[in-house]
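Chemist: fold the stuff below for me.
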Amino acid sequence: MRIKYSILLLFLLAVAACNRSNVSIKGSIEEGEGQSITLERLDVNQTTLVDSSTIGKGGQFTMTTNLEEPELFVLRYDDGQIVNLLLSPGENITLSTDATSFSTEYSIKGSEESENIRLLVQQLNSTRSILDSLQGLAAKMEDPESPHMKVIRSAYAQAIVSQKRYTIRYLVEHMNSLSSVYAIYQKYNEEDLVLGFQEDLQYFKVIADSLEVSYPNSSLTKSLRADIRRREAEFNRASQLNSLLEMAEEPTGLLDLSIPDREGREVKLSDYKGKAIMVVFWASGNQASISILLQLKSSYQRYHDKGFEIYAISLDNNKVQWMNAIDYNEFKWINVSELSYPNSRASLVYNVSSLPAAFLINREGDIVARDLYGRNLETWLDNLL
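Modeler: Prediction:
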């Protein structure tokens, strides 16, 4: 008898747990009868179909799903309009809207977080409307430098600033809510995020740090962290590319560098234009490059007073080891290091894949030879100097 009671108790507990994880969405869409509607789970970069339904008489529909923790969803109408939802286990939600303004004029009950998202959407739609109106006015202006155009530009910029401030304020007030993930990915259009600048990545990181405490196992939290790493890599690549483009525009063709010396003072390679310069990449823990630098000492002593300089870049990340190698081996030339190995901008600029690597630059700033040492180097120096 006790066994039967135990089985019954376990069954009731399982049913109760299932009910706590169930989520139901009941809706009324005016003039939507016969149309289809889908419920899709929203990740950072994709959606996954969860449920679908055909809207019945009077525009009524019902959809259900099971959740272990809060997640973002998209309710998609037949014509592509969407309503964004943040659903939590056990919620019973009621949605009311109409077919023509499904995604803009809807009301929702039973989900506080989904209501927060509705307010976010409402605010952004208001900003979009202002921007569209200003763009329309600007298109009608014949003189792009007229006082009226300046007023339009100022109003446009202010609308952008106001929207960004609203979003940041929302993030500060809702750091422990998954709705903050929706907020940081809001866009003015298909391409432009409200928080789309490199400096805005700090808000992504703050939200990720907070959600990793509140929802450490959420797929949305994990996707956000992965997306942050991707964005950081993209920003770094873009920054490196811009540096290369800027250098390519140098009139002398010199691939310029500015790297701190052992005292922390920036030393620009271009400051030595007019000399024959050897740019050498080495590392304190790389014996092959140490041997090459020791070999260069005699050439440096012989040709330095004639206008030869060595700009030695150490691919190190330990300042003490770098300085010890300089002092022990008595390297008297220009010694610099980013101290950021393996993330070296200088090695990227000069496409260095192995050590040692040496580039001989003439007085005009052009690279004329690579990896020359000993007598071969001195023959070149005799001609350059």
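Chemist: using CSV, list the CA coordinates for whichever strand or helix holds residue 298.
Modeler: Secondary structure assigned from DSSP states H and E places residue 298 in helix 287-303. The C-alpha coordinates for helix 287-303 follow below in CSV (Å, rounded to 0.1, in the frame of the first residue of the first chain):
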residue,chain,number,x,y,z
GLN,A,287,68.6,31.7,-29.1
ALA,A,288,68.8,32.0,-32.9
SER,A,289,67.9,35.7,-32.8
ILE,A,290,70.3,36.3,-29.9
SER,A,291,73.1,34.8,-32.1
ILE,A,292,72.1,37.1,-35.0
LEU,A,293,72.1,40.2,-32.8
LEU,A,294,75.6,39.3,-31.4
GLN,A,295,76.8,39.0,-35.0
LEU,A,296,75.3,42.4,-35.9
LYS,A,297,77.3,44.1,-33.1
SER,A,298,80.4,44.4,-35.2
SER,A,299,78.6,45.8,-38.2
TYR,A,300,76.8,48.3,-36.0
GLN,A,301,80.1,49.5,-34.5
ARG,A,302,81.7,49.9,-37.9
TYR,A,303,78.9,51.7,-39.7
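Chemist: chain center to whatever helix or strand comes next after it, what's the gap?
Modeler: Scanning the chain past helix 287-303 towards its C-terminal end, the next helix or strand to appear is strand 308-314 (assignment: DSSP H and E). The offset between the C-alpha centroid of strand 308-314 and the centroid of the whole chain comes to 35 Å, using Cα atoms, centre = their mean, to the nearest Å.
Chemist: next, the buried residues of stretch 59-71.
Modeler: Residues 59, 61, 63, 65, 67, 70, 71 are the ones in stretch 59-71 that count as buried (16 or more other Cβ atoms under 10 Å). Where C-beta positions appear, they are placed from N, C-alpha and C, glycine not excepted.
Chemist: for stretch 141-156, same thing?
Modeler: By neighbour count on 16+ other Cβ under 10 Å, the buried set for stretch 141-156 is 152, 155, 156.
Chemist: repeat for stretch 275-290
Modeler: For stretch 275-290, a neighbour-count test (16+ other Cβ under 10 Å) marks 275-286, 289-290 as buried.
Chemist: convert stretch 54-65 to CSV, retaining C-alpha atoms only.
Modeler: Once side chains and other backbone atoms are set aside, the C-alpha atoms of stretch 54-65 remain, and they are given as CSV (Å, rounded to 0.1, in the frame of the first residue of the first chain):
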residue,chain,number,x,y,z
THR,A,54,-3.5,28.4,-37.5
ILE,A,55,-5.6,31.3,-36.1
GLY,A,56,-9.1,30.2,-35.4
LYS,A,57,-12.5,31.9,-35.3
GLY,A,58,-12.5,35.4,-33.8
GLY,A,59,-8.8,35.6,-34.3
GLN,A,60,-8.1,33.2,-31.3
PHE,A,61,-5.0,31.1,-31.0
THR,A,62,-3.2,29.1,-28.2
MET,A,63,0.4,28.0,-28.1
THR,A,64,2.4,26.2,-25.4
THR,A,65,6.0,25.3,-24.6
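Chemist: one step back: and the buried residues of stretch 275-290, which of them are in strands?
Modeler: Among these, the ones falling in strands (DSSP state E) are 276, 277, 278, 279, 280, 281, 282.
Chemist: pick out the most distant pair among those residues.
Modeler: Using Cβ to Cβ, these reach their maximum pairwise distance at 276 and 282, which is 19.0 Å.
Chemist: now do stretch 134-149: everything it contacts.
Modeler: The list of residues contacting stretch 134-149 from outside it, by Cβ atoms under 8 Å, 6 or more residues apart in numbering, reads 152, 153, 155, 156, 159.
Chemist: ok, the first one - contacts?
Modeler: The reference is to residue 152. Here residue 152 is in contact with 134, 137, 138, 141 (criterion: Cβ under 8 Å, 6+ apart).
Chemist: that one sits in which helix or strand?
Modeler: With secondary structure defined by DSSP H and E, residue 152 is part of helix 147-173.
Chemist: immediately after that helix, which helix or strand?
Modeler: Once the chain leaves helix 147-173, the next helix or strand it forms, by DSSP H and E, is helix 179-184.
Chemist: buried stuff in that following helix?
Modeler: Neighbour counts using 16+ other Cβ under 10 Å place 179, 180, 181, 182, 183, 184 of helix 179-184 among the buried residues.
Chemist: show me what it is packed against.
Modeler: With contacts defined as 3 or more Cβ pairs under 8 Å, 6 or more residues apart in numbering; DSSP states H and E, the secondary structure elements packing on helix 179-184 are strand 82-87, helix 112-140, helix 147-173, helix 201-214, helix 219-248.
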